[in-house]
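> dropping the sequence and predicted coords here.
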Amino acid sequence: GGIEVGMPPNEAGMSRNDTDFLHVYNWKKLAKLVKDKKNYNVINGHRIVPMEVSVANDCLFLIPEPKSPHGVDVSPDGEYITVCGKLDTHASVYKWSKIKKLIADKKYIGADPYGIPILDMKESLHGQVELGLGPLHNQYSNVDGEIYTSLYVDSQIVKWNYKDLKVLDKENVHYNVGHLCGMEGKSADPQGKYIISLNKLAIDRFQNVGPLHPQNHQLIDIRGKTMDLLYDMPIPLGEPHQAVAIRAEKLHPHVRYPMGTNSKTGEIHIGKTLAGQEKIVRDGKNVTVFATMVRSHINPERITVNKGDIVTMHITNLERAQDETHGFTVDHYDVHMSLEPGETSTIKFEADIEGVFPYYCTEFCSALHLEMMGYLMVKDPDKKYVSAQKLKMKTMTPEELKAEYDKTVAVNTATQAVIDSVVKFLKDNKFSDHKVVADLVDDAFAQAGQIPEQKRLADEAVKAGDMDKAILFENMIWQLMVKTADVGIRAKDALVRLIATPQSTQVQRGQKAFDEGGCGGCHVVGKVSSGPDLTGVLERHGKDSAKWVADFIKEPEKMYKDPYVDAMINSFNLKMPNQHMSDEEIQDIIEYFKWIDANANLF
């Protein structure tokens, strides 16, 4: 990548591969190695074991893992390792005994460019489970095999079993959950009573008081068969003191700052910078950077200065969406800023440390947050630098590049079809009548509006025969599609809540019985999952459909030989279990199905 030299942003290349790597260290061997001076270098007072020493002594290994992972969690008994990649719908469960055996047998499938051995992913896995969109972090409960995972894009908590590899339950949260907090949920003795969902965004959950919304922490009871959301708890960035209540009608908040606002004065900032206006200005030892931030890149992505220069950075948050705050810091320089949508802010520091220092966003802002970064290069003007020898890496053949290009374009075409279906739903249901939804749609269109230019650049690269660059631009199109879909799905969910028919008390009881009965483990309303879609189920068996469905719920085993049921069993390779519902619960569920059919166009 490299925006300032006409390349796609860094994120296009960072997310290009289908997998990333899990690093496996033998820390006991490493502890022994550092007792001998020949095995380590001392850097800033720390003993550092080089990669080549680690590899030579069988201390370092790689295992492919889901794309853009958000951490690794080890089960309480130490045997299972769970990794979630936010750009993959699956959780991957590795088995420690399998990994140890592969290492002991020196059974590798190759090595990376640095010579680190790579273990086979399939042979390391216990299995994979499809959880949903944007899986991030995990917590364990006190029930054997039970784990809870956050879904950032789907805004859900998933309860599943990492031994049986089955999804057990899902709970909607509001919105875009990142970390979870369980009761000792990452220890060898988790308590398993409650989970706190630490949500990144809170769009319509609380009274709006300005561009920066509170984080919404939600308390979830996990003691029963299904999860039960108990409480919403808005949390500001710092510990609140001396709170004051005023009438809500006196509040007239902005959704975002007028672009380029200095939040301290309310006036337009002298460093206001719009897209395309980014630049670096040098005046002697004074270097001024006019930069922008937007999901998911910082422009410029590379800044080079001399040691001793005074660096002033004016940064503008170009976001139009609500609550899409960005943070900014430069590693080792002890500077930080927080930027709400539309805000411009400034930091100033002396570049007195030679080296290469990452700068990056410090607020979780999107599914591509980790890719939102750049590099400050501080050179000593009195030194001559020798370029590091480039790695001799295998390059792809023209045929391989063409195949990857075709695959990337096909993925983009399929992704666009999903976006088109969401857009059609929003338009068909008059989203513009609801401001909170319309604001989200505006933001989604702002992301989608950048796609044509990236497509033009991709096509130009194809014509020029630069397929590698074309693939990067097509990957950038996919990144923009992900951002569009992320906001579009949020808009759709918000619209459904606003326009669905209000539920009667009986319907609410029916939905609760459906959820607590574990029905959602196989049936997902609106789409085929581990079992058939239940939309329209009351129309499939003639005029006595309601009785047929009620009888089936009550005693499904008596109907396994029914031709329709037998076909479903063969199709899904599952049998409907008896959930021992009472007659009252069954009738409530029938009313819930009627409500689903009345709102079928929303699912």
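Perfect, thanks for sending it.

> spell out the residue ranges of the helices in the chain.
For the chain, helices defined by DSSP state H occupy the ranges 10-14, 27-33, 51-56, 96-104, 121-124, 398-428, 435-448, 451-463, 467-499, 505-516, 545-554, 563-572, 583-598.

> nearest to residue 156, of those helices?
With C-beta to C-beta as the measure, helix 467-499 is the member of the helices of the chain nearest residue 156 (10.5 Å). C-beta: built from backbone N, CA, C; applies to glycine.

> report all helices and strands that that closest one contacts.
Here helix 467-499 touches helix 10-14, helix 398-428, helix 435-448, helix 451-463, going by 3 or more C-beta pairs under 8 Å, 6 or more residues apart in numbering; DSSP states H and E.

> okay, those helices, which one's buried deepest?
Compared across these, helix 10-14 shows the largest average neighbour count, a mean of 22 (mean count of other C-beta atoms under 10 Å).

> quick one: closest of the helices and strands packed on helix 467-499 to residue 254.
Shortest distance between residue 254 and the helices and strands packed on helix 467-499, using C-beta to C-beta, is found for helix 435-448: 11.9 Å.

> by how many degrees do that closest one and helix 467-499 diverge?
170 degrees (axes from the mean of the first three to the mean of the last three C-alpha atoms, to 10 degrees).

> pull the CA atoms of helix 435-448 into PDB?
Taking Å, rounded to 0.1, in the frame of the first residue of the first chain, the C-alpha atoms of helix 435-448 are listed here in PDB:
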ATOM      1  CA  LYS A 435     -33.800  10.100  10.600                       C
ATOM      2  CA  VAL A 436     -31.700   7.700  12.700                       C
ATOM      3  CA  VAL A 437     -31.800   5.200   9.800                       C
ATOM      4  CA  ALA A 438     -31.400   7.800   7.100                       C
ATOM      5  CA  ASP A 439     -28.200   9.100   8.800                       C
ATOM      6  CA  LEU A 440     -26.800   5.500   8.700                       C
ATOM      7  CA  VAL A 441     -27.700   5.100   5.100                       C
ATOM      8  CA  ASP A 442     -26.000   8.400   4.200                       C
ATOM      9  CA  ASP A 443     -22.800   7.000   5.800                       C
ATOM     10  CA  ALA A 444     -23.200   3.700   3.900                       C
ATOM     11  CA  PHE A 445     -23.600   5.500   0.600                       C
ATOM     12  CA  ALA A 446     -20.500   7.700   1.400                       C
ATOM     13  CA  GLN A 447     -18.500   4.500   1.700                       C
ATOM     14  CA  ALA A 448     -20.000   2.900  -1.500                       C
END
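
> can you give me the offset of it from its chain's centre?
19 Å (C-alpha atoms, centre = their mean, to the nearest Å).

> want to throw the helices of the chain into JSON lines with distance to residue 112 and mean pLDDT?
Below are the helices of the chain laid out as JSON lines (distance: least, C-beta to C-beta, whole Å; pLDDT from 0 to 100):
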{"stretch": "helix 10-14", "distance to residue 112": "16", "mean pLDDT": "89"}
{"stretch": "helix 27-33", "distance to residue 112": "19", "mean pLDDT": "96"}
{"stretch": "helix 51-56", "distance to residue 112": "10", "mean pLDDT": "95"}
{"stretch": "helix 96-104", "distance to residue 112": "16", "mean pLDDT": "97"}
{"stretch": "helix 121-124", "distance to residue 112": "14", "mean pLDDT": "97"}
{"stretch": "helix 398-428", "distance to residue 112": "18", "mean pLDDT": "92"}
{"stretch": "helix 435-448", "distance to residue 112": "33", "mean pLDDT": "88"}
{"stretch": "helix 451-463", "distance to residue 112": "27", "mean pLDDT": "95"}
{"stretch": "helix 467-499", "distance to residue 112": "19", "mean pLDDT": "89"}
{"stretch": "helix 505-516", "distance to residue 112": "45", "mean pLDDT": "90"}
{"stretch": "helix 545-554", "distance to residue 112": "53", "mean pLDDT": "93"}
{"stretch": "helix 563-572", "distance to residue 112": "41", "mean pLDDT": "90"}
{"stretch": "helix 583-598", "distance to residue 112": "50", "mean pLDDT": "93"}
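
> circling back: need the helices and strands packed on helix 467-499 in CSV (columns: distance to residue 28).
Listed next are the helices and strands packed on helix 467-499 as CSV, based on distance: least, C-beta to C-beta, whole Å:
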stretch, distance to residue 28
helix 10-14, 33
helix 398-428, 40
helix 435-448, 48
helix 451-463, 48
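
> that older thread, go through the helices of the chain and name the closest to residue 167.
Distance to residue 167, taken as C-beta to C-beta, is lowest for helix 505-516 among those, at 13.4 Å.

> show me what that closest one is packed against.
Using 3+ C-beta pairs under 8 Å, 6+ apart: helix 505-516 touches helix 583-598.

> give the buried residues for the helix it packs on.
Buried residues in helix 583-598, counted by 16 or more other C-beta atoms under 10 Å: 585-596.

> where are the low-confidence patches of this structure?
Within the chain, the ranges that satisfy pLDDT under 70 run 237-245, 387-394.

> circling back: what is the nearest of the buried residues of helix 583-598 to residue 445?
Distances from residue 445 to the buried residues of helix 583-598, taken by C-beta to C-beta, are shortest for residue 596, at 30.3 Å.

> what is the neighbour count of the closest residue to residue 411 other than its chain neighbours?
Distances taken as C-beta to C-beta, 6 or more residues apart in numbering put residue 478 closest to residue 411, at 6.4 Å, once the chain neighbours are dropped. Using other C-beta atoms under 10 Å, the number of residues around residue 478 comes to 21.

> kindly report the same for the one 3 residues further on.
When neighbours are counted by other C-beta under 10 Å, residue 481 registers 21.

> any idea how far it is from residue 422?
Computed as C-beta to C-beta, to the nearest Å, the residue 481 to residue 422 distance reads 11 Å.

> give the contact list for the residue nearest to residue 131 when sequence neighbours are not counted.
Of all residues not flanking residue 131 in the chain, residue 158 sits nearest, at 4.8 Å (C-beta to C-beta, 6+ apart). By C-beta atoms under 8 Å, 6 or more residues apart in numbering, the contact set of residue 158 is 131-132, 135, 148-151, 167, 169-170.

> sounds good, over and out.
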